[in-house]
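Engineer: when you get a sec, could you give me coordinates for this:
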Amino acid sequence: MHSDSHEALAALDRAHLIHPVSAWRTHEQRGPTILTSGKGAYVRDADGNELLDAFAGLWCVNVGYGQESVVEAAARQMRELPYATGYFHFSSEPAIELASKLVEISPASLRHVYFTLGGSDAVDSAVRYITAYFNATGRSTKKHFISLERGYHGSSSFGAGLTALPAFHYGFDLPRANQHYIPSPYPYRQPDGTDEPAIIAASVAALRRKAEELGPENVAAFFCEPVQGSGGVIVPPRGWLKAMRDACRELDILFVADEVITGFGRTGPMFACEHEDVQPDLMTVAKGLTAGYVPMGAVLMSDAVYNGIADGTPAGQSIGHGMTYSAHPVSAAVALEVLRLYQEGGLLANGQRVALPFAEGLKQMLDHPLVGDARSLGLLGALELVSNKSTKQRFDPALGLSDKLFAAGYRNGLIYRAFGDNILGFAPALCYSEADFETLFRRLRSALDEVLADPAVRAATSD
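Structural biologist: Modelled structure (predicted):
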């Protein structure tokens, strides 16, 4: 890209393009980093820099960039039938095949699929269906929702209140009165993070307490991510998900697994629920479903929820929830090819194989003066940076460390997520090779060394 056209594009971006979850005035001053191409695990920017993407776009490009067969699947479908509405009983072959395929590969409890455009509207659709379900089955007092502190469930009008991150609430009149949180199962930040049964027991007790406080007859559902993503890649102890699922069943609360980030090989198996054979009442997916090549998400639901709504609605009356692009044939065709790459293409198996060097590489970073914790499940991982390893004290936000961390990574040819509380998030594509991981950790160490060399950071760091 010519520098003059690059400058002109940047000026247009500053003037007109609203970026998600950004400080608008800051962005106007800074301007955009324009990406121009991608191949495998690498992307290139408008200045010609080649960068190793250790975050799969936004936890979504699970098959890597430039998979020609995915492009061909989209082009073929566009030529044949670029759009088919799902309204008026119309359907299309890719949508039907994809719904069937998702039911085949997901937990056995999930039998029906509603397609959305992404994760946020999958969560929002789940909430609407849950509300309809309890109204249809004569339990109209069930209107309260429980989720986890540090949880992320998208950015819709309701979902952003299930999300428990301050930026998504500030200025938006959230959370609502029927949205409640229980503490995150966050091993590193527990007084005794090694006592896994105690962490699980505390979560179950917190859920029971919250349900009792609200009255179980008033609680509709508990939403959780099997691994918390945007909250800082918090990996709960093994057995936590199953225990929470069982507690929901006892309390007569619907259990919703939000697998928007964790689905499609991100944590090892196709879905994170498989680690503990958890059977959710509903599950939300997106991101890896199409590997980010086109927008698509889905809500999967059990027979009980589906039949409850269907049988509790007057005969012939439409269930009034829909979207123009639900079950879009091009998105469905892309998703089918992406699923083929995971399974027959060997990407799922490759992701499972390289999860070990990834976990080991993260653990080796614990010897760095800035790194307090390393955690991962499959190809979802994080490093938590602290100013003092023995007290686990966080850095002062005034230091602006996350911006320094992101910039240093970029200068060293690496893209990762630098969360506001100085947790570095990683979600490498399932196509990564061991050589890619060697590059990742070499560049990461250089970036951390560079940040540590900053006098303000060094002064704030103690043993």
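
Engineer: and the helices in the stretch 1-150 of the chain, which stretches?
Structural biologist: 3-16, 24-30, 56-59, 68-80, 93-105, 119-136 (DSSP state H, counting those that start in this stretch).

Engineer: can you redo these as a markdown table with mean pLDDT, mean neighbour count and distance to D449?
Structural biologist: Where you see a C-beta, it was placed from the backbone N, CA and C, and this is true even at glycine. Formatted as a markdown table, the helices of the stretch 1-150 of the chain follow (pLDDT from 0 to 100; neighbours: other C-beta atoms under 10 Å; distance: least, C-beta to C-beta, whole Å):
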| stretch | mean pLDDT | mean neighbour count | distance to D449 |
| --- | --- | --- | --- |
| helix 3-16 | 91 | 12 | 30 |
| helix 24-30 | 96 | 11 | 25 |
| helix 56-59 | 98 | 22 | 25 |
| helix 68-80 | 98 | 15 | 38 |
| helix 93-105 | 98 | 17 | 43 |
| helix 119-136 | 98 | 23 | 35 |
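
Engineer: to A257, which of these lies closest?
Structural biologist: Evaluated with C-beta to C-beta, the helices of the stretch 1-150 of the chain place helix 119-136 nearest to A257, the distance being 10.2 Å.

Engineer: which stretch among the helices of the stretch 1-150 of the chain comes nearest A220?
Structural biologist: helix 119-136 (5.2 Å).

Engineer: packing partners of that closest one?
Structural biologist: strand 110-116, helix 159-162, strand 219-224, strand 254-258, strand 282-285, strand 297-302, helix 303-311 (3 or more C-beta pairs under 8 Å, 6 or more residues apart in numbering; DSSP states H and E).

Engineer: now tabulate the ones you listed in CSV and tack on distance to S203, mean pLDDT and mean neighbour count.
Structural biologist: Putting the helices and strands packed on helix 119-136 into CSV (distance: least, C-beta to C-beta, whole Å; pLDDT from 0 to 100; neighbours: other C-beta atoms under 10 Å) gives the following:
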stretch, distance to S203, mean pLDDT, mean neighbour count
strand 110-116, 23, 98, 22
helix 159-162, 17, 98, 26
strand 219-224, 9, 98, 25
strand 254-258, 13, 98, 28
strand 282-285, 19, 99, 29
strand 297-302, 23, 98, 26
helix 303-311, 24, 98, 17
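
Engineer: leaving out the residues flanking it, which one is nearest to the most centrally placed residue in the chain?
Structural biologist: Taking C-alpha atoms, centre = their mean, the centroid of the chain lies closest to I261, which sits 2.7 Å from it. Spatial nearest neighbour of I261, excluding adjacent residues (C-beta to C-beta, 6 or more residues apart in numbering): G229 at 4.0 Å.

Engineer: what residue spans form the domains of the protein?
Structural biologist: Domain assignment of the chain by automatic domain parsing yields the ranges 33-66+346-460, 69-343.

Engineer: output stretch 152-162 as CSV, nothing but the C-alphas.
Structural biologist: C-alpha atoms of stretch 152-162 as CSV (Å, rounded to 0.1, in the frame of the first residue of the first chain):
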residue,chain,number,x,y,z
TYR,A,152,-18.0,-12.0,29.2
HIS,A,153,-21.3,-12.7,27.3
GLY,A,154,-21.1,-10.2,24.5
SER,A,155,-22.2,-6.6,24.0
SER,A,156,-26.0,-6.7,23.3
SER,A,157,-28.4,-4.6,25.4
PHE,A,158,-29.0,-7.6,27.7
GLY,A,159,-25.9,-9.6,27.2
ALA,A,160,-23.6,-6.7,28.2
GLY,A,161,-25.2,-6.9,31.6
LEU,A,162,-24.5,-10.6,31.9
